[in-house]
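> here is a sequence with its predicted model. Questions after.
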Amino acid sequence: MNTLPDRPPPVHVPELLKGQKALVTGANSGIGKATAIALGRSGAEVVVNYVSDRPAAEAVVAEIKGHGVRAYAHQADVSQEDQVVDMMATMIDRLGTIDVLVTNAGLQRDAPTTEMTLAQWEKVISVNLTGQFLCAREAIKEFLRRGVVPEVSRAAGKIICMSSVHQTIPWAGHVNYAAAKGGVAMLMETLAQEFAPQRIRVNAIAPGAVKTPINRSAWETPEARAALGELIPYGRIGTPVDIANAAVVLASDLCDYVVGTTFYVDGGMTLFPGFATGG
């Protein structure tokens, strides 16, 4: 891998999302944490969803508040309908509405297909796919109720579904995760088609290899980093800030005409670099 800086500068445009209310699921670590902080840095008030580790979530809240905006933490398992409904109702009560939803919460329960239990399959599908559906459904209800507020945003609401390059690239040994992310792609596109006439923008971000706790084994040793580097033409592993920067821009009116699109943030991984010399 080359000597490119490992961490890009964060987007710092305080007015870009000024006055908007955002909810980020799974926001106490990794990509969700970086995204929640970036939204706050850009002027949004932010709800930091988490399912465990409240101290970590409160630390994210404190950092967001440091940018002069409101934020609070809300514990909810996104795979549980009643908890999602309550989370959205609480947000509307406390912040008044929702303008931006980032459905980031996700997990892995890896195993070869012949050894994968039904519990492993169902857990990943319920959090990574059903959780995104439930959160999107509740946000859309509020978007439709409120409509467009021109002084806040040109759209009635923005949803960013956190997907993965594995909505496109098969991933042996991770059939539950890949299936869920493939489902996220079609969930996003169907919601975008259904609600674009109401000025609701639904898009997705598909990260490639990113340094997060969920995939530590893939990057924490020199050997692992070298092997991973063979899959990334751009020459470095991504960081949560790479994804957060993309989310800020995609949530803003700079992308007002972007609807139903998956934004691959992967250093070129989906270019299948193994075929660069003809396969």
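Looks like it arrived, so ask away.
> hey, which strand is longest across the chain?
Longest strand in the chain, counting residues (DSSP state E): strand 200-207.
> adjacent strands (with direction) for that one?
Using DSSP bridges, the strands paired with strand 200-207 are strand 157-162 (parallel), strand 262-265 (parallel).
> which residues are contacting the shortest one?
Looking back up the chat, that one is strand 262-265. Applying C-beta atoms under 8 Å, 6 or more residues apart in numbering, the contact partners of strand 262-265 are 163, 165, 167, 185, 188, 203-208, 238, 242-243, 246, 250, 270. Backbone N, C-alpha and C define where each C-beta goes, glycine included.
> for it, buried residues please.
Residues of strand 262-265 classed as buried by neighbour count (16 or more other C-beta atoms under 10 Å): Thr262, Phe263, Tyr264, Val265.
> where's the last one relative to Ala206, distance?
Distance of Val265 to Ala206, given as C-beta to C-beta, to the nearest Å: 7 Å.
> rewinding a little: can you give me the mean pLDDT across whichever helix or strand comes after the longest strand of the chain?
Next helix or strand after strand 200-207 toward the C-terminus (DSSP states H and E): helix 222-229. Average pLDDT, helix 222-229: 76.
> show me what the helix or strand just after helix 222-229 is packed up against.
Downstream of helix 222-229, the first helix or strand assigned by DSSP H and E is helix 240-251. When contacts are defined as 3 or more C-beta pairs under 8 Å, 6 or more residues apart in numbering; DSSP states H and E, helix 240-251 sits against helix 30-41, strand 100-103, strand 157-162, strand 200-207, strand 262-265.
> rerun at 6 Å
helix 30-41, strand 157-162, strand 200-207, strand 262-265 (3 or more C-beta pairs under 6 Å, 6 or more residues apart in numbering; DSSP states H and E).
> the inter-axis angle of that helix versus strand 200-207?
Interaxial angle of helix 240-251 relative to strand 200-207 (axes from the mean of the first three to the mean of the last three C-alpha atoms, to 10 degrees): 160 degrees.
> dump helix 240-251 to CSV, keeping only the CA atoms.
Presented in CSV, the C-alpha positions along helix 240-251 are these (Å, rounded to 0.1, in the frame of the first residue of the first chain):
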residue,chain,number,x,y,z
PRO,A,240,-15.0,6.1,9.5
VAL,A,241,-14.4,9.8,8.6
ASP,A,242,-14.4,8.9,4.9
ILE,A,243,-17.9,7.6,5.3
ALA,A,244,-19.0,10.4,7.6
ASN,A,245,-17.9,13.0,5.0
ALA,A,246,-19.9,11.3,2.3
ALA,A,247,-23.0,11.2,4.6
VAL,A,248,-22.8,14.9,5.3
VAL,A,249,-22.7,15.9,1.7
LEU,A,250,-25.4,13.3,0.7
ALA,A,251,-27.7,14.6,3.4
